[in-house]
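Student: Structure of the sequence below:
(one chain, ligands or ions: 1)
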Amino acid sequence: MPATASAATRPMWVVSIVDDAEHAVTRDDLAAGIASGSGTYRALCQATVIPPSMTEPPGSRCPYCTAVLRLRRRTTA
Ligand SMILES: [Zn+2]
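Tutor: Sure thing, here's the model as predicted:
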């Protein structure tokens, strides 16, 4: 099992203040968001994620991101 590849593609769950839900954001999209300087990220469900302060408690996970992840796992496994 290629650990580096799975680590690179594994998304991070980022809380968005838009809907108080955790969205799945890939490392590529995280890097793109950081590079753009906008402070926002594109989630798997195409939502724009605006992260709150790091002390914010996480909300519930976005059902759309969860569905996309489940679909990807099924198609890539
Ligand atoms: Zn989402």
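Student: all contacts plus neighbour counts: C-alpha atoms, from now on.
Tutor: OK.
Student: is the longest helix anywhere in the chain anywhere near the ion?
Tutor: Criterion DSSP state H: the longest helix present in the chain is helix 63-76. Yes: counting by C-alpha under 5 Å from the ion, the ion has neighbours in helix 63-76: Cys65.
Student: If you count neighbours, what's buried in that helix?
Tutor: 64-66, 69 (16 or more other C-alpha atoms under 10 Å).
Student: what element comes up after the helix or strand bottoming out on mean pLDDT in the chain heading to the C-terminus?
Tutor: One helix or strand of the chain scores below all others by mean pLDDT, DSSP states H and E: helix 3-9, with a mean of 56. Next along the chain after helix 3-9, taking DSSP states H and E as the criterion, comes strand 12-15.
Student: Geometric centre of this structure: which residue is closest?
Tutor: In the chain, the centroid-proximal residue (C-alpha atoms, centre = their mean) is Val25; its distance is 1.8 Å.
Student: thought that residue was touching Cys45?
Tutor: No: in this structure Val25 lies outside contact range of Cys45 using C-alpha atoms under 8 Å: 9.0 Å.
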